[in-house]
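[1] sequence and predicted model, in that order:
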Amino acid sequence: MNIVERFLKYVSFDTQSSEQSNTSPTTMKQRDLGDYLVNELKQIGINNAYMDEYGIVYATIKGNSNKGNKIAYIAHMDTAPDASGKDIKPRIIENYDLSDIQLNKNMVLSPNKFPSLLRHKNKDLIVTDGTTLLGADDKAGIAIIVSFAEKIIKNNIEHNDIFIAFTPDEEVGKGTVNFEVSKFNADFGYTLDGGAIEYLEYENFNAASAIVNIKGLSVHPGSAKNKMINASSIAMEFDQMLPTFQRPEYTEKYEGFNHLTHIDGSCEKAQLSYIIRNHDKNLLEKQKNDFIEIQNFLNRKYPNDTVEVEIKDSYSNMYEIVKKYPNAINIAKKAILNVIGKADSIAIRGGTDGAMLSYKGLPCPNLGDGGYNFHGPYEYLCIDEMKSMVDILIELNNININK
C-alpha cells in the first residue's frame, strides 16, 4: 500500500472526538482506527504493536544499531469537532494549475482566499467535497509515520530504537492525559501534526481558559427601574472592557489573544467562555489579571457578587523544555534542509500533544505533514509534501545515526 492509499484508507474512518464526553477515548469509534493501525503495524513487521485501554496505539522498532538518539514519532487519530468527519469523499487534483477548485456547486477552494495554494503549482492535492473536513489533521501524520516505519524495516536501514504512538482526543485537549511516557525510552520525539513541511515548530502558546458567570435579578420590565440587573447586558459590558485588539481577528505571530468561544444568557444569569493565549508567560498572566480586574470593577459597580471569574491553566509553551535539547532541533532542521532545500521555524499559534509530552518528560517539537486549512471543508493535503516528509524522516534518522 502506498502512502496515498494509506491516507485514503485512514480518512474512511470517522474518528471525530467529543468535547462533551468524559470517557477515554471520548468517542469509541476512534478505537476502530486504532485496531486497524495495530494490525497494519504488525503486517509491516512491528509485532509488538498494541492499543491500550485508553485507545492509545504504541509500537517499537528495536534498533539494529546503538548509534544516535532513540527517537519517538507521534500523531493523533481523532479529527476536530468543528466539522463532520463522517463519510469523507476525498478527491485527488493532479498537477494543480493554481486555478479555483470547485468543491461542490456552492463552494470553491480558491488561491484568492487561500494563498497557501500558490505554493503547490504542478503538485498533486487531495481535497474534500465541501461537506466535511478532510482529516489530514492528523491522518497525514499517521500515514507519514507508518510509511517511514515500513521503509526503515523493508530496507534494513540502520537505526537506533524507534518509538511510535498514535493518540486519540488531541483535538479536545486530552491526547496525552493517559499517555505513559515511561513506555518509551526515547531521548526526544516529534509530533507530525503541522502544515508546511519546511517548518519545525518548537514554540507554542501558554494557554488558559476563563469562565465568567454573571448573576442578574429578573424583574418585570414594566416595574424594573432601580431594581432589574440584566445579566446579559453585564456580560456584553464585560466583553467590551477586554482589550479590543487582543481578539484573535486582530493578532498574528507572537501576539496573544482572548477569544470569546461561547456566550449564553438571559436577564437572570449569563455565562461567557474564553480561551486565553500568549507565547510569553508573563504576558499571559497580565491577560488573566485583566479578567480579575474587570470582575472587581463590575462588582463595585453592581452588587458585590454579580460577576465571578474562574480561570484555569491549560498547557504551557514547550520551548521552555525543548530549548534544553538543541540536538532535537538541529538534526530536524538539517534533515528538512537537506531534502527540500529550505528550513525554518515558526511559533505554533495553538497547542499540540508535543507541548504536553514535553512537560511529561518527552521533549517533542512538531513537524509538518503537508496539510492546510485544518478543521473545516476547505482542508486539503499536498501529496508531494506528505511524501517528502517520509524522506525527511529517513534523512533525520541517517543524520542521527551518523552525527
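    Looks like it arrived, so ask away. Predicted model only: the values in this text are computed from it and were never measured.
[2] export stretch 348-361 as PDB, just CAs?
    What follows is stretch 348-361, C-alpha atoms only, in PDB (Å, rounded to 0.1, in the frame of the first residue of the first chain):
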ATOM      1  CA  ILE A 348       2.500  27.500  16.800                       C
ATOM      2  CA  ARG A 349      -0.500  29.700  17.400                       C
ATOM      3  CA  GLY A 350      -2.100  26.800  19.300                       C
ATOM      4  CA  GLY A 351      -1.000  23.700  21.200                       C
ATOM      5  CA  THR A 352       0.000  20.200  20.300                       C
ATOM      6  CA  ASP A 353       0.400  16.800  22.000                       C
ATOM      7  CA  GLY A 354       4.000  17.700  21.900                       C
ATOM      8  CA  ALA A 355       3.600  20.500  24.400                       C
ATOM      9  CA  MET A 356       2.000  18.200  26.900                       C
ATOM     10  CA  LEU A 357       4.500  15.400  26.300                       C
ATOM     11  CA  SER A 358       7.400  17.800  26.700                       C
ATOM     12  CA  TYR A 359       6.300  18.600  30.200                       C
ATOM     13  CA  LYS A 360       5.700  14.900  30.800                       C
ATOM     14  CA  GLY A 361       9.400  14.200  30.100                       C
END
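[3] next, Ser209: secondary structure please.
    Here Ser209 is strand, with the state taken from DSSP: H, G, I helix; E, B strand; the rest coil.
[4] need the contact list for it.
    By Cβ atoms under 8 Å, 6 or more residues apart in numbering, the contact set of Ser209 is Ser273, Tyr274, Ile275, Ile276, Ile311, Lys312, Ser314. Just so you know, the C-beta spots here come from the backbone N, C-alpha and C atoms, and that holds for glycine as well.
[5] that's a helix at Ala59, yeah?
    No - under three-state DSSP, Ala59 falls outside any helix and is assigned strand.
[6] circling back to that earlier point, with respect to pLDDT, which of the contacts of Ser209 ranks lowest?
    Ranked by pLDDT, these bottom out at Ser314, which has 89.
[7] what's the nearest residue to it if we skip its chain neighbours?
    Ala207 (3.9 Å; Cβ to Cβ, 6 or more residues apart in numbering).
[8] what pLDDT does that neighbour get?
    pLDDT for Ala207: 95.
[9] that one and His279 touch, don't they?
    No - between Ala207 and His279 there is no contact under Cβ atoms under 8 Å: 10.3 Å.
[10] okay, and the common contacts of the two?
    Residues touching both Ala207 and His279 (Cβ under 8 Å, 6+ apart): none.
[11] returning to what we had before: how close does the residue nearest to Ser314 get to Leu98?
    For Ala207, the distance to Leu98 equals 36 Å [Cβ to Cβ, to the nearest Å].
[12] what of Asp32?
    38 Å.
[13] how about the most centrally placed residue in the chain, what does it touch?
    Nearest to the geometric centre of the chain sits Thr352, at 4.7 Å (Cα atoms, centre = their mean). By Cβ under 8 Å, 6+ apart, Thr352 lies in contact with Glu170, Thr191, Asp193, Glu201, Asn204, Met318, Cys364, Asn366.
[14] helix or strand: which one has the third one?
    Asp193 belongs to strand 188-194 when elements are defined using DSSP states H and E.
[15] that strand packs against which elements?
    strand 71-76, helix 136-154, helix 326-340, helix 353-359, strand 366-368 (3 or more Cβ pairs under 8 Å, 6 or more residues apart in numbering; DSSP states H and E).
[16] determine the set of other helices and strands touching the fourth one.
    Helix 353-359 makes packing contacts with strand 71-76, strand 188-194, strand 307-315, helix 319-322 when contacts are defined by 3+ Cβ pairs under 8 Å, 6+ apart.
[17] show me what counts as buried in the first one.
    Meaning strand 71-76. Ile71, Ala72, Tyr73, Ile74, Ala75, His76 (16 or more other Cβ atoms under 10 Å).
[18] and what of the longest one?
    By neighbour count on 16+ other Cβ under 10 Å, the buried set for strand 307-315 is Val307, Val309, Ile311, Ser314, Tyr315.
[19] quick check, nearest of those to Ile46?
    The closest of the buried residues of strand 307-315 to Ile46 turns out to be Tyr315 (Cβ to Cβ; 30.1 Å).
[20] hey, what's the closest one bridged with?
    For Tyr315, the beta-bridge partners are Ala207 (DSSP bridges).
[21] that one and Thr176 touch, don't they?
    No - using Cβ under 8 Å, Tyr315 is not in contact with Thr176, being 9.5 Å away.
[22] just the helices in the stretch 201-350 of the chain please.
    231-241, 281-301, 319-322, 326-340 (DSSP state H, counting those that start in this stretch).
[23] to Leu109, which of those helices lies closest?
    Closest approach to Leu109 among the helices of the stretch 201-350 of the chain (Cβ to Cβ): helix 326-340, 23.8 Å.
[24] I am finished for the moment; much appreciated.
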